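> output the structure for:
(2 chains)
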Number of protein chains: 2
Amino acid sequence: MVRKNKDYYGMEGVLNDGCRKIAVMSGKGGVGKTTISVNLAALSSIKHKVALFDADVDCPNVNGFLGIDQRFSVREGKIVPIDKFGMKVVSFASMQENENDPIIWRGPMLSNAIIEMLKKTEWGDLDYIVIDLPPGTSDAPLTIMQAVKPDGVIVVTSPQKASVIDAEKAVNMAKEMGIPVLGIIENMSGKIFGMGGGEKSAKKLGIEFLGRIELDRTITLSCERGVPFVLGDSEQSKFREIVERII
Amino acid sequence: MVRKNKDYYGMEGVLNDGCRKIAVMSGKGGVGKTTISVNLAALSSIKHKVALFDADVDCPNVNGFLGIDQRFSVREGKIVPIDKFGMKVVSFASMQENENDPIIWRGPMLSNAIIEMLKKTEWGDLDYIVIDLPPGTSDAPLTIMQAVKPDGVIVVTSPQKASVIDAEKAVNMAKEMGIPVLGIIENMSGKIFGMGGGEKSAKKLGIEFLGRIELDRTITLSCERGVPFVLGDSEQSKFREIVERII
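As a prediction, the model looks like this:
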């Protein structure tokens, strides 16, 4: 693989120096990356200045999960993030006229769009930026890893074998790119998809197992309703522990 | 968007004239595209000559769902598909040394890989080829739509709002590319993810609703075990009806 130069992407100064950059990735889609990203950012933003960047250009889901339907305003030529639940939220969904219009772009356009969005946003002073990546180990994760150089990656998997294999690919991609892996979260544990795949995989790869979240109607409903489950009534002390370990 | 010429990709003669090409796509990942593709191909192959092509280059899951762990053999310079449950199966997983090695490729490489794999395979005489696409509306679906020009696309969604929106993007992408949409399948229906999102969406978009499949441990287990659920003990007459409508 061709490694890019130090600041090939012109990202110098885009995020403040103290800002910790955490990327959430998975390999396989539909295992709860966005759920984890949204709740991680929401919970951290109680004590810290947090931004949430949805790096999925063609199928961005962060806005839906947070009940955001407004589009960006622009101030002095810069995009102003949407302020929601105390976080600064930036998703490509806030640029679309109709939420079901397809964005039929090849990879290089996706990468450019990600870089442009990062550079044209008025991020302000942040403690953390959480980056929700689309599935796979292709353009978007590669661009984020090369351009943003995250301080750490969290890998989300369901307990299913197919998801675990794809999660291991994601872990190995981060390792190849020299990005530290903070650990694996097993999501959607329970009767339907089984249990334990994420933990076994973390052991095998010698990385931390951050915890297990059960497949639960409370969580899927919170996504439908646009309110992070960590801000709801349910205790979710388990997730709080996971977030504290990450932060 | 730039439309490619008639046979820009050199696909002339790669598949026999009578072969019907069906692409399975979703928008959002993890909603069961591969489960549907595998079972659609398996059930059709009882009466027809069927191939299953896994067009997910970086995270291919078809082999896992079919219990395939062998790699391709080559005959007269052509890739010989893996023969499993009466189908001809071609997945990028059959080219990998280690199943958890990441394929960190940008979009144009993914597209080239898809085209090369299609052209270098000894498909033989087929009635149907089922193409399992990766999530999103980017490189792989675009390449398949331009190069293979499917006779029809099946869109899979879970009942969740986020998945339905992404499914609508997939439907609209196919329409923009002039590819007929055969219909929507709602997968993972039930208590956890809700019910009815796919049907409502099909009505709204004026396309056929092909049916609903419940979120069920029998199905997730069949994926783990590598045996399509339509070939198992359970009745699954519902899925049989769906397949008959498609065929």
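> what about the strands in chain A?
Using DSSP state E, the strands of chain A run over A:20-25, A:50-54, A:73-75, A:78-80, A:82-84, A:87-91, A:128-132, A:152-157, A:181-189, A:209-214.
> now the angle from the longest one to strand A:152-157?
If I follow you right, that is strand A:181-189. If you take axes from the mean of the first three to the mean of the last three CA atoms, to 10 degrees, strand A:181-189 sits at 20 degrees to strand A:152-157.
> give the buried residues for stretch A:137-151.
The neighbour-count check on stretch A:137-151 (16 or more other CB atoms under 10 Å in any protein chain shown) flags A:137-150 as buried. (Each C-beta comes from the backbone N, C-alpha and C, glycine too.)
> ugh, wrong one, stretch A:179-190
A:179, A:181, A:182, A:183, A:184, A:185, A:186, A:187, A:188, A:189, A:190.
> then stretch A:212-228?
By 16+ other CB under 10 Å, the buried positions in stretch A:212-228 come out as A:212-213, A:215-216, A:219-224, A:226-228.
> one more: stretch A:15-35?
Applying 16+ other CB under 10 Å to stretch A:15-35 flags A:15, A:19-35 as buried.
> cool, and stretch A:152-171?
Residues A:153-171 are the ones in stretch A:152-171 that count as buried (16+ other CB under 10 Å).
> the longest helix along chain A vs chain B: in contact?
Counting by DSSP state H, the longest helix found in chain A is helix A:161-176. Yes - remark: helix A:161-176 sits within contact range of chain B at A:161, A:162, A:163, A:165, A:166, A:168, A:169, A:170, A:172, A:173, A:176, by CB under 8 Å from any CB of the partner chain.
> just the C-alphas of that helix, formatted as PDB.
Provided in PDB are the C-alpha atoms of helix A:161-176 (Å, rounded to 0.1, in the frame of the first residue of the first chain):
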ATOM      1  CA  LYS A 161     -19.100 -15.600  12.700                       C
ATOM      2  CA  ALA A 162     -19.300 -13.500   9.500                       C
ATOM      3  CA  SER A 163     -19.300 -10.300  11.500                       C
ATOM      4  CA  VAL A 164     -16.400 -11.500  13.700                       C
ATOM      5  CA  ILE A 165     -14.300 -12.300  10.700                       C
ATOM      6  CA  ASP A 166     -15.000  -8.900   9.200                       C
ATOM      7  CA  ALA A 167     -14.200  -7.300  12.500                       C
ATOM      8  CA  GLU A 168     -10.900  -9.000  12.600                       C
ATOM      9  CA  LYS A 169     -10.200  -7.600   9.100                       C
ATOM     10  CA  ALA A 170     -10.900  -4.100  10.500                       C
ATOM     11  CA  VAL A 171      -8.600  -4.700  13.500                       C
ATOM     12  CA  ASN A 172      -5.800  -5.900  11.100                       C
ATOM     13  CA  MET A 173      -6.400  -2.900   8.800                       C
ATOM     14  CA  ALA A 174      -5.900  -0.500  11.700                       C
ATOM     15  CA  LYS A 175      -2.800  -2.400  12.800                       C
ATOM     16  CA  GLU A 176      -1.400  -2.200   9.300                       C
END
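> check the offset of that helix from the chain's centre.
Taking CA atoms, centre = their mean, to the nearest Å, the mean C-alpha location of helix A:161-176 is offset from the chain mean by 16 Å.
> tilt between that helix and strand A:20-25?
Going by the same axes, to 10 degrees, helix A:161-176 makes 150 degrees with strand A:20-25.
> just list what helix A:161-176 packs against, helices and strands only.
On a contact count with 3 or more CB pairs under 8 Å, 6 or more residues apart in numbering or on different chains; DSSP states H and E, helix A:161-176 meets helix A:139-147, strand A:152-157, strand A:181-189, helix A:197-205, helix B:62-66, helix B:217-225.
> now these in a markdown table, with distance to residue B:83?
Output for these, formatted as a markdown table (distance: least, CB to CB, whole Å):
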| stretch | distance to residue B:83 |
| --- | --- |
| helix A:139-147 | 34 |
| strand A:152-157 | 31 |
| strand A:181-189 | 33 |
| helix A:197-205 | 29 |
| helix B:62-66 | 11 |
| helix B:217-225 | 19 |
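> make JSON lines from these and add mean pLDDT and distance to residue A:101 to it.
As requested, the helices and strands packed on helix A:161-176 are exported to JSON lines (pLDDT from 0 to 100; distance: least, CB to CB, whole Å):
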{"stretch": "helix A:139-147", "mean pLDDT": "96", "distance to residue A:101": "19"}
{"stretch": "strand A:152-157", "mean pLDDT": "98", "distance to residue A:101": "27"}
{"stretch": "strand A:181-189", "mean pLDDT": "97", "distance to residue A:101": "29"}
{"stretch": "helix A:197-205", "mean pLDDT": "97", "distance to residue A:101": "35"}
{"stretch": "helix B:62-66", "mean pLDDT": "97", "distance to residue A:101": "30"}
{"stretch": "helix B:217-225", "mean pLDDT": "93", "distance to residue A:101": "32"}
